[in-house]
Structures are given as structure tokens and as C-alpha cells.
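Visitor: kindly generate the corresponding structure for this input.
(chains A and B)
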Amino acid sequence: MMKEIIEVSNVYKDFDGKRALDDLSFSIQTGETFGFLGPSGSGKTTTIKLLTAQEGYQSGSIQVFGKPAEDLKNPKQMKRIGVLTDNTGLYERLTVNANLKLFCKLYGVSYKRIGEVLDEVGLKGEESKVVSKLSKGMRQRVTLARTILHKPELLFLDEPTSALDPVSTERIHRILRTLNEEGTTVFLTTHDMYEAERICDRVAFLNKGTIQLQGPPRELRVRHSDSSITLLLKDGREQLVGNDHAGAERIQEVIAHQQLASVHSNEPTLGDIFARVTGKELL
Amino acid sequence: MTSIRRIQAVFIKDYRDFLKNAYMLSTGVIPLFFAFIFNQGEGVQSEAAFMPIVLSMVMVGSFIQAGVIAEEKEKNTLRGLLLSPLNTAEIFIGKSLLSAVLSVIMIAAVIFIGEIPMPDQIFLVAAAILISLVIFISIGTILGLISRTVMETSVIGIPVLFIFGVGDIFQTMIESERVIQVMGYLPDQQFGHLLMQLREGQSVGEPFLVLSLWAVVSIIVTIFIFKKRRFD
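Guide: Numbers count the residues shown, from 1 in each chain, chains lettered A, B, ... in the order given. Predicted structure coming up:
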């Protein structure tokens, strides 16, 4: 049976008198990949900071592993999580190997694990490269390798593919899916709705520090679908039909006349839903 | 519980990084030039004789420490350490070891190069250096924590260099007795008094007490600022 690994209840957070998080409540089940979607400044990074005990909050409650988030300051608890922040945080003058060796020592992990994680992130053979010589995508993968070095149960990823090229992004998505299949719970923030649709079991839309909507991506799309269907005809024209008896008859007719090129259900993207719910674009 | 393994890991990382950091390396050898210059002049029989030692502690203990801490913040790597199993004591000790070891090496080098006449009471001298290092490394940590970049530490650090490093030179330009009296309680001055009094066979209880107070206060201030500034 799935149990809650993170439970956030009615959390308020202010910065210099300005409200950053407003009555935030959500929970994450063990083994889930949960995406926090929102535009820049919506409170995504602040939420990660609260969940990982980097920041305090005004009121409410945050439980991680069934204990107050503050307990993560205890090194034993800290070993159960991995945090990838919004920039690399690597020692640029040192090699990939030296960077990872430091964290092997800090976490009490064998150096053998370096080869394993570099293999997982597709960087085997790059151990001796100096970090400053690596591309942005490779650095991000080294950071991810460092984050999963100690096999954390719970991963916090703040915009893990922000500003990466599509190949690096795809590779990181693949790694995250594999980690999740192996049982790691993933909490990630993103403003990339495509990323959220591809890898998240559930998402929450955050706007101005408040969760506007949450649920599985497919369910949200169906819930916000207008039920219309677009027919693309062979002559290049598009026709919109309803998801009803009349629509079915029209589709049958087009097929009978061999005019049909393709059929598309008009489910909105998560970006469309976000814009509809908040009146804002996910940028 | 404090782990030697984790402290050692941070120290080894800092050492490797230091060897590839031209700015830090050049800052680290500055006291040697002062020691060399000092040795060219005639022997100084006042507290000023120990100025190269104090300068080593300021340049290496404070400036290198400030640079090491500021760079961790600037490159966002301190966050990585804070989100690892390292506890606060391990971070402080681990991040201070490099500056401490380099300072000790540099102090030995300037004593040798500058032919500084040291008191015979080695253990008391070592204790004075150790306490002073705690003060200067703490000051360096504070500088590093309040600076946004490594370059900023040089700017913010200049007053520290003037006040704690070459206070002797400035003292000759100050007329106010009260200011001179207050300056006399600065750690560099107390360190000088202590070594001078040791050399002359006088009691060193007061300078030891003042230095110890400085050490305690600087550690408390460092911890306070660390708690406030560590994540930004």
C-alpha cells in the first residue's frame, strides 16, 4: 500500500512581509513522480527549500518521511534525500571524479558507486574531465549523478532540465523514469508542461504561492477537454465535430468518401489548462 | 556526531582546489615578501617585529578563508555541502583546516625568512598562534559569508587588513590617546604584546585573556552570521 512520503498542510511563507506561499496543501505518495508547475516567481523553489528544511515558514505543517521537515537537518535523515538545485553547484576546477569522490566520502559510499552512477547518467569514461570543460547538459548530468550517488529514497529536483538542449533533456527524463521505476520518489519543479506530461504521475499548478489545481496529467486534460474532435481532411481542410451522435455520423461520412487524413481529440495541453485556470502563460 | 572522515574529505577537496586557484596561491605567498623585506632592514625591538606573523594570519588565515567561503557561496556549492550529511561543526572545521594549515606553514616560513626573534617558550607561543588563528579564520569566514563574490572579499577585506594587519603603522599617525588605547586591544596588538612580554619574561595572563575573549566572540559572531547567510 502506498503511503505519504510528503505531507504539506496549510503552509504560509512570507518574505519581507510579502506572501510567497499561501495556504499550501498537498501530499505525495511513496514511489510517485510529482510535478510542481508554475511560472517563474510562483513559489516553486521556495517550496523545495521548505521541504528540504533550508527555510522556515510562518505557519502550517510539513512532514517528510512522517516527521517534521526540520528533522532533515539530522545527517541520518539527510542521507535519505537527494537535492538537485537550479544551478550546477559543482567544483569547476576539479575533475568529475574528484567532485564525486568528495560526496562518496560525505555519504560514506564506496568509490565503486562512481562508475555505476556515471554509467546511469551516460557519462562513463568522462571521470577525468575537469568540470569547467563540460557542456551545460553534461554538468547537469554530473550533478544528477552526485545527487543519486547515495541512492536516496526521495529526490527533489528544481528545474532539472532548465535551459538544456532537447537531447540532454530527453536523457535526464529517461534517467528520472528509471529511478522512479526502481522505487525513488521524485518531486520536481518545472515550468515545462511537456516535461510534466511526460514524466509526472501527478502535477500541481502553482500560481502566486497558491495551488490552483492538482491531479494526474491525463485526468486533468480529460477534465478540461471541450469534447470536440478535429478531422483533418485529405484536401488540407480541418473540420471540428462534436463528441456525440452527429459527430460520429460526420466522421463515418468522411471515411466513406475517403476524405479523412487524420482524427484528433481536442484535449488541452497542461499549458493550455494552466493558462485557462490562472490566466497566465507557463513561462 | 562529528566525523573525521567527512572533515578530511572537505579538507582534501579544498586542498586540491587551492592548488588550481591562481588567486588564492598568489594571496598565500604575499607574507613571504613582507618577511623578506622585513629582513632587509635593521632588527626591530618592539611588537612591530612580529608584524610579518600577523600579516601571515591576516593574508592566509583571513583572506584565503574568506575567498574559500565566498567561492562556495558564489558557485552555489556551499548549498551542496549543507544538503549533505555534514553538520555545522564539520563544515566549520573542514572549511577552516586549509587556511589553518597554510597559515602555520606560512608563519614558520616568515619566522625563518624574516629571522624574527621568537620567545623561547614554544608551547605558549604555539598557544598564542592557535588562539590568534581561530580569531583570524573566524574573521575570514565572516568576510566570506557577507561577500557575494570572491572579488568582493578583497574589497571588504581591505579595512580588515588595515585594522588587524598593519595597525602598528597607523598607530603612529593617530594622536588621540583613547583611540590608541582601544586599538591596543585589537588581536594583532595583543598578539604582539604577548610575544614581546614572553620575550622579556613578563606575565602574559592579560593578553592571553583578551585574545581568548576575541576568539570566543568571533566564533559566536561567525556561527550567528553562518545561520543567517549560509543559503544565500
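Visitor: residue numbers of chain B in contact with chain A?
Guide: Contact residues of chain B with respect to chain A, defined by CB under 8 Å from any CB of the partner chain, are listed as B:5-6, B:8-10, B:12-13, B:16-17, B:20-21, B:75-77, B:79-87, B:231. All C-beta atoms are positioned from the backbone trio N, CA, C, and that covers glycine.
Visitor: and B:Ile139, how many neighbours does it have?
Guide: Summarising burial for B:Ile139: neighbours were counted as other CB atoms under 10 Å in any protein chain shown, giving 26.
Visitor: need the contact list for it.
Guide: When contacts are counted by CB atoms under 8 Å, 6 or more residues apart in numbering or on different chains, B:Ile139 touches B:Gly61, B:Ser62, B:Val160, B:Phe164, B:Ser218.
Visitor: can I get the residues you listed in a markdown table with pLDDT, neighbour count and distance to B:Leu198?
Guide: Output for those, formatted as a markdown table (pLDDT from 0 to 100; neighbours: other CB atoms under 10 Å in any protein chain shown; distance: CB to CB, whole Å):
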| residue | pLDDT | neighbour count | distance to B:Leu198 |
| --- | --- | --- | --- |
| B:Gly61 | 91 | 30 | 21 |
| B:Ser62 | 92 | 29 | 24 |
| B:Val160 | 79 | 19 | 26 |
| B:Phe164 | 77 | 23 | 20 |
| B:Ser218 | 95 | 20 | 23 |
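Visitor: name only those of the residues of chain B next to chain A that count as buried.
Guide: Neighbour-count burial (16 or more other CB atoms under 10 Å in any protein chain shown) is assigned, among the residues of chain B next to chain A, to B:6, B:9-10, B:12-13, B:16-17, B:21, B:75, B:77, B:79-87.
Visitor: any low-confidence regions in chain B?
Guide: Across chain B, the stretches falling below the confidence threshold (pLDDT under 70) are B:39-45, B:167-168, B:231-232.
Visitor: number of residues surrounding residue 133?
Guide: Going with chain A. In terms of burial, A:Lys133 registers 12 neighbours under the definition other CB under 10 Å.
Visitor: you answered for a different chain; I wanted chain B.
Guide: Taking other CB under 10 Å as the definition, B:Leu133 ends up with a neighbour count of 23.
Visitor: in the chain, which helix has the most residues?
Guide: By default, I'm working from chain A. With DSSP state H applied, the helix covering the greatest number of residues in chain A is identified as helix A:166-181.
Visitor: meant chain B actually
Guide: Scanning chain B for the longest helix, with DSSP H as the assignment, gives helix B:88-114.
Visitor: so the following helix or strand past the longest helix of chain A, near chain B or not?
Guide: Of the helices and strands lying after helix A:166-181 in sequence (DSSP states H and E), the nearest is strand A:185-190. No - contact between strand A:185-190 and chain B is absent, the nearest approach being 14.0 Å (criterion: CB under 8 Å from any CB).
Visitor: which residues touch the residue most central in space within chain A?
Guide: A centroid search over chain A (CA atoms, centre = their mean) returns A:Leu188, at 3.3 Å, as the residue closest to the centre. Contact analysis of A:Leu188 by CB under 8 Å, 6+ apart lists A:33-36, A:155-158, A:160, A:176, A:195, A:199-200.
Visitor: which element is B:Ile219 on?
Guide: In the assignment (DSSP H and E), B:Ile219 maps to helix B:205-229.
Visitor: contact partners of that helix?
Guide: With contacts defined as CB under 8 Å, 6+ apart, helix B:205-229 is touched by B:73, B:88, B:92, B:127-128, B:131-132, B:134-135, B:138-139, B:141-142, B:145-146, B:185, B:187, B:190-191, B:193-194, B:197.
Visitor: do the same with stretch B:108-123
Guide: Applying CB under 8 Å, 6+ apart, the contact partners of stretch B:108-123 are B:31-32, B:34-36, B:38-39, B:43, B:49-50, B:52-53, B:55-56, B:125, B:195, B:198-199.
Visitor: can you say which of those residues are buried?
Guide: With burial judged by 16+ other CB under 10 Å, the buried subset of these is B:31-32, B:34-35, B:38, B:49-50, B:52-53, B:55-56, B:125, B:195, B:198-199.
Visitor: of those residues, which pair is most distant in space?
Guide: Within the buried ones among the contacts of stretch B:108-123, two members stand farthest from each other by CB to CB: B:Leu32 and B:Leu198, at 24.5 Å.
Visitor: break down the stretch 101-250 of chain A into its strands, ranges please.
Guide: Counting by DSSP state E, counting those that start in this stretch, the stretch 101-250 of chain A has these strands, from start to end: A:154-158, A:185-190, A:202-207, A:210-215, A:228-233, A:238-242.
Visitor: between the ones you listed, which one is nearest to A:Lys18?
Guide: Among these, the nearest to A:Lys18 by CB to CB is strand A:210-215 (13.9 Å).
Visitor: give the buried residues for that closest one.
Guide: A:Thr210, A:Ile211, A:Gln212, A:Leu213, A:Gln214.
Visitor: what parts of the stretch 101-250 of chain A come near chain B?
Guide: Proximity of the stretch 101-250 of chain A to chain B, by CB under 8 Å from any CB, involves residues A:Lys101, A:Leu102, A:Phe103, A:Lys105, A:Leu106, A:Tyr107, A:Gly108, A:Arg146.
Visitor: show me what contacts A:Asp14?
Guide: In this structure, A:Asp14 makes contact with A:Ala20, A:Gln58, judged by CB under 8 Å, 6+ apart.
Visitor: that one belongs to a strand?
Guide: Yes - with DSSP: H, G, I helix; E, B strand; the rest coil as the criterion, A:Asp14 is located in a strand.
Visitor: ok, it to B:Ile180 distance?
Guide: A:Asp14 sits at a distance of 48 Å from B:Ile180 (criterion: CB to CB, to the nearest Å).
Visitor: B:Phe162 too?
Guide: When distances are taken as CB to CB, B:Phe162 and B:Ile180 turn out to be 15 Å apart.
Visitor: got it, and A:Ile62?
Guide: Taking CB to CB as the measure, A:Ile62 falls 55 Å from B:Ile180.
Visitor: between these two, who's got more neighbours?
Guide: Under the neighbour definition other CB under 10 Å, A:Ile62 and B:Ile180 were set side by side, and A:Ile62 has more, 21 against 14.
Visitor: ok, the closest residue to the more buried one other than its chain neighbours to chain B distance?
Guide: Counting by CB to CB, 6 or more residues apart in numbering or on different chains, A:Ile62 lies nearest to A:Ala69, which is 4.1 Å off, once chain neighbours are set aside. With distances defined as CB to the nearest CB, to the nearest Å, the gap from A:Ala69 to chain B amounts to 13 Å.
Visitor: if anything else comes up later, I'll come back, but that's it for now.
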